[in-house]
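S.K.: my questions are about this predicted structure, shown below with the sequence.
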Amino acid sequence: MEDTFSNLATYGYIGLFLYSLGGGFAALVGASVFSFMGKMDLSLVIFIAFLANALGAMLLFYMGRYQKSMMMEGLRKHRRKLALSHIMIKKYGSWIILLQKFIYGAKTIIPIAIGLTKYEFKKFAFYNTLSAAVWALSIGIGSYYSGEFLVGVAQTISQKPWIAPLTLVVVGGSMWFYFTHATKRKK
């Protein structure tokens, strides 16, 4: 078990960076809990998650802006979600850049959708960097201070392994239902 923690401390920061390029919520929570346990450094965890998340969203914006044909081809199956993203951008304006950091599934599509519009890059970079900082600080510090509770939940799940798949089915099913309903054509 100690070898596992040693490997996580060694390679955990690299994994956190790579995972945070595309989202990073679960990795940030896990790394923050490891920080609570004394296996990782919380300030470094938050900085790495912030940096990777900001860079990942800017890369998606860039791809949406300068690789439109490739992105549109890849998003062909997700046209309705892209349309919903455009509606959210119009409805919430620059606030959507902050909100998308906390909405699973929107972290990828919103920066691409913004990149497809004429939204100014400097403005996006500013709000994205600010949003990534708010996201990393709030999730990182919140998970750190919830560490004792989260470790208790992990121990409960290890004793009753049927809880994890049930939770995943309920949460995943709820998200699938929401996105299916939100992007459904209205008659």
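M.R.: Thanks, I have the structure now.

S.K.: residue 65 and residue 113 touch, don't they?
M.R.: No: in this structure, residue 65 is not within contact of residue 113 by CB atoms under 8 Å, at 10.9 Å. The C-beta positions use only the backbone N, C-alpha and C, and glycine is treated the same way.

S.K.: if I look at residue 138, how far off is residue 21?
M.R.: 19 Å (CB to CB, to the nearest Å).

S.K.: if we can go back for a sec, now for residue 65 and residue 113: what residues contact both?
M.R.: Counting by CB atoms under 8 Å, 6 or more residues apart in numbering, residue 65 and residue 113 have no contacts in common.

S.K.: those two: who's more crowded?
M.R.: residue 113 (27 against 19; other CB atoms under 10 Å).

S.K.: does the more buried one really touch residue 90, like I thought?
M.R.: No: the pair residue 113 / residue 90 is not scored as a contact, 10.6 Å apart, by CB under 8 Å.

S.K.: for the spatially closest residue to residue 63 that is not a sequence neighbour, what is the enclosing helix or strand?
M.R.: In space, and not counting its chain neighbours, residue 63 is closest to residue 71: 5.7 Å by CB to CB, 6 or more residues apart in numbering. When elements are assigned from DSSP states H and E, residue 71 belongs to helix 68-74.

S.K.: setting the sequence-adjacent residues aside, check what's closest to the residue nearest the centre of the chain.
M.R.: Centre of the chain computed as the mean C-alpha position; nearest residue by CA atoms, centre = their mean is residue 23, 2.8 Å away. Spatially, and ignoring its direct neighbours in sequence, residue 23 is nearest to residue 107 (4.9 Å; CB to CB, 6+ apart).

S.K.: so what's that neighbour up against?
M.R.: 22-23, 57, 100-101.

S.K.: ok, residue 126 next?
M.R.: Residue 126 neighbours (CB under 8 Å, 6+ apart): none.

S.K.: please determine how far it is located from residue 97.
M.R.: Taking CB to CB, one finds residue 126 at 9 Å from residue 97.

S.K.: any idea which element residue 139 lies in?
M.R.: Remark: residue 139 resides in helix 121-145, with elements defined by DSSP H and E.

S.K.: I'd like the next helix or strand past that helix.
M.R.: From helix 121-145, the next helix or strand downstream (DSSP H and E) is helix 147-159.
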